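Asker: here's my sequence, what's the structure:
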Amino acid sequence: MATILRRIIHWAAAFEDGAIIRAAFFGLLSATGVILWLDYSELSAQSAAAIAPALSPILPAFDPKSPGGSAGPEVTTPMDVLRQPLEVKLSGGGVLALTGTIDPGAADRVAAEIAAHGEYIRTVALDSPGGAVADALAIGKLIRDNGLATAVAAGALCASSCPLMLAGGTERLATAHSAIGVHQIYAAAPTGSLTSRLAAVGTAMSEAQSLTAEISRYLRAMGISEEVWLRALETPPDRLTYFSTADLIDLKLVTKLTT
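Answerer: Purely as a prediction, here's the structure:
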């Protein structure tokens, strides 16, 4: 044992100090690379489904007073009301009012209300800055399956993913003073290690592309021009493209303008 130790000491002494430092540096660098690779390999082995729930692309709720927002019709509903989880409220005249941000689970609440009072409901009134796109799609399909109309009143906001609910109406009503607009899909920035963030970004991009295909098919099935979705894809997530009254009719997002 002493002989082996003596040989190691003589071998180390043969190097200059600088060479020893360089050898130690490259040794540490190599070890770091191995650790990162093992970390990445372990992460890659995990199913994409384990990453997806926290990264599911959404169409974020839009604040019409945001500095990045373009000018549009005046929104009279207070933002503190619009920021609340979607309120599902039955009102007079066969109107089901959906007001606020589309939170995950909102579609279940709408389905329950329609199941309980479907024979009374005729129109779904929308006033929402958007939110969870999966729920918006589900609500739009519920509206169409039940043969209901949709409406956006003067001073109301229907932005981001809300127009997907609007598209579900068998008849779609709006006014020249309804604020209706769209923007790009957005996913929250991932956190964690570098390798986990890279994997998460890849998952989010994949989901965003699948979601784009689903929305395109949905709009086609609803009889809406896919130009509506192209306008969304062209608009950064911190901005909003508002539809003019001519656009609303030409793109078939609205079937009738009321006063």
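Asker: is it true that residue 256 touches residue 169?
Answerer: No - using C-beta atoms under 8 Å, residue 256 makes no contact with residue 169, being 10.4 Å away. Any C-beta I mention is one placed from the backbone N, CA and C, and that applies to glycine too.
Asker: in terms of neighbours, single out the busier of those two.
Answerer: residue 169 (23 against 12; other C-beta atoms under 10 Å).
Asker: the more buried one and residue 150 touch, don't they?
Answerer: Yes - with contact defined as C-beta under 8 Å, residue 169 counts as touching residue 150 (3.1 Å).
Asker: any shared contact partners between those two?
Answerer: Both residue 169 and residue 150 are contacted by 124, 143, under the criterion C-beta atoms under 8 Å, 6 or more residues apart in numbering.
Asker: all strands for the stretch 101-250 of the chain, in order.
Answerer: 123-127, 149-152, 157-159, 172-174, 179-182, 241-242 (DSSP state E, counting those that start in this stretch).
Asker: note down every partner strand of the fourth one and its orientation.
Answerer: Just to be clear, that refers to strand 172-174. strand 149-152 (parallel), strand 256-257 (parallel) (DSSP bridges).
Asker: show me the contact partners of it.
Answerer: In contact with strand 172-174 (C-beta under 8 Å, 6+ apart) are residues 123, 149-152, 166, 180, 245, 248, 253-258.
Asker: closest one to residue 218 among the strands paired with strand 172-174?
Answerer: Minimum separation from residue 218 across the strands paired with strand 172-174 (C-beta to C-beta) falls at strand 149-152, 14.3 Å.
Asker: can you list contacts of the closest one?
Answerer: By C-beta under 8 Å, 6+ apart, strand 149-152 touches 122-127, 143, 158, 165-175, 178-180.
Asker: and with 6 Å instead?
Answerer: In this structure, residues lying in contact with strand 149-152 by C-beta atoms under 6 Å, 6 or more residues apart in numbering are 123-126, 158, 166, 169, 171-174, 178, 180.
Asker: where does the stretch 1-150 of the chain have low pLDDT?
Answerer: For the stretch 1-150 of the chain, the stretches flagged by pLDDT under 70 are 1-70.
Asker: put the buried members of the contacts of strand 172-174 into a ChimeraX selection.
Answerer: Entered in ChimeraX, the line below selects the buried ones among the contacts of strand 172-174, by 16 or more other C-beta atoms under 10 Å:
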select :123,149,150,151,152,166,180,245,248,253,254,255
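Asker: among the contacts of strand 172-174, which pair sits farthest apart?
Answerer: Greatest spatial distance among the contacts of strand 172-174 (C-beta to C-beta): 123 and 245, at 19.7 Å.
Asker: any idea how far apart the tips of stretch 212-229 sit?
Answerer: 8 Å (C-alpha to C-alpha, to the nearest Å).
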